[in-house]
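**Q** what follows is a predicted protein model with its sequence.
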Amino acid sequence: MLNESETLSLLRRAKTGDSDAKERLLSNNTSLLKCILKRYLGKGVEYDDLYSLACMGFLKAINGFDESFGVRFSTYAVPMIAGEIKRFLRDDGSVKVSRAMKKTARDMNRYIEAYALEHGRQPTVKELAAAFSLEEGEVVFTLGSSRMPVSIYEQSDYKDEKSTTLAEKLPAKDSPEEMIDRLILRQAIDKLPEREKKIVVLRYFRDMTQSEVAKAIGVSQVQISRIESRIISQFKRELSG
């Protein structure tokens, strides 16, 4: 794997039209491309075609990346790659953004408008994450769910902000693979019935035992175990694409 300085050096060369630099960047990011495209397997598009779409998104990321964003190239590239695939699949009607995510995106946009009116600036990703109890990476993906993912690199309307794009505010420490997994997992949780959602929250976010959850829900520990096993199996299917 390339380190950050090597990646930046190759990016600078690639942006001047150096084909060898582009090829080296592609070959060293194959695992990232595969990690993203595997989410869209089984959607009626062949693997080779998905890989080609991922490569197109990656090359667009090379051309659009700006070191002043203050984020790792991989963080910038993820929504560009995923966006290229989603754009193709959406045109074919194969992929639909979940209702829950669409609603959250709408709520966020309304919150942003209200916040801007009150404070004279748009909220940062960190502030949005706190307001909606999400990870900062999830905020970026959610906002991009109803628009082109490149929208996270649009300039803010408030020119006096030091960080004027969502990408600039996204922490570089986030792993792209982890961001995708968290996003898919959150969507899977949102699809659960209220009782099962409550079980997940109590078991995995409040660290309660099955017996404690059973008592809180009003069922037997055996039932909780069965429900939990079914939920885990469902989540595994979601994460495996």
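**A** Cool, got the structure.

**Q** flag every buried residue along stretch 209-228.
**A** 210, 213-214, 217, 224, 227-228 (16 or more other Cβ atoms under 10 Å). From N, CA and C alone the C-beta is placed, and that goes for glycine too.

**Q** same thing with stretch 195-211?
**A** 196, 199-200, 202-203, 208, 210.

**Q** quote the end-to-end distance of it.
**A** Distance between the two ends of stretch 195-211: 16 Å, counting by Cα to Cα, to the nearest Å.

**Q** again, but for stretch 10-26
**A** Rule used - Cα to Cα; the end-to-end distance of stretch 10-26 is 11 Å.

**Q** contacts for that stretch, please.
**A** 2, 7, 33, 55, 58-59, 62-63, 65, 67, 73 (Cβ atoms under 8 Å, 6 or more residues apart in numbering).

**Q** swap in 10 Å and give it another go.
**A** Outside stretch 10-26, the residues that touch it by Cβ atoms under 10 Å, 6 or more residues apart in numbering are 2, 6-7, 9, 28, 33, 54-55, 58-59, 61-67, 73, 77.

**Q** show me where the protein has its helices.
**A** In the chain, the segments counted as helices under DSSP state H are 4-14, 19-27, 30-37, 47-64, 73-91, 99-119, 125-132, 136-143, 166-169, 176-191, 194-200, 210-217, 221-239.

**Q** work out the gap between the fifth one and the centre of the chain.
**A** Between the mean C-alpha point of helix 73-91 and the mean C-alpha point of its chain there is a distance of 10 Å (Cα atoms, centre = their mean, to the nearest Å).

**Q** what do you get for the last one?
**A** The offset between the C-alpha centroid of helix 221-239 and the centroid of the whole chain comes to 24 Å, using Cα atoms, centre = their mean.

**Q** which strands and helices sit next to that helix?
**A** Counting contacts by 3 or more Cβ pairs under 10 Å, 6 or more residues apart in numbering; DSSP states H and E, helix 221-239 packs against helix 176-191, helix 194-200, helix 210-217.

**Q** quick one on the thing from earlier: just put the helices of the chain in JSON lines and tack on mean pLDDT.
**A** Putting the helices of the chain into JSON lines (pLDDT from 0 to 100) gives the following:
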{"stretch": "helix 4-14", "mean pLDDT": "90"}
{"stretch": "helix 19-27", "mean pLDDT": "89"}
{"stretch": "helix 30-37", "mean pLDDT": "88"}
{"stretch": "helix 47-64", "mean pLDDT": "88"}
{"stretch": "helix 73-91", "mean pLDDT": "84"}
{"stretch": "helix 99-119", "mean pLDDT": "81"}
{"stretch": "helix 125-132", "mean pLDDT": "85"}
{"stretch": "helix 136-143", "mean pLDDT": "70"}
{"stretch": "helix 166-169", "mean pLDDT": "45"}
{"stretch": "helix 176-191", "mean pLDDT": "63"}
{"stretch": "helix 194-200", "mean pLDDT": "85"}
{"stretch": "helix 210-217", "mean pLDDT": "86"}
{"stretch": "helix 221-239", "mean pLDDT": "79"}
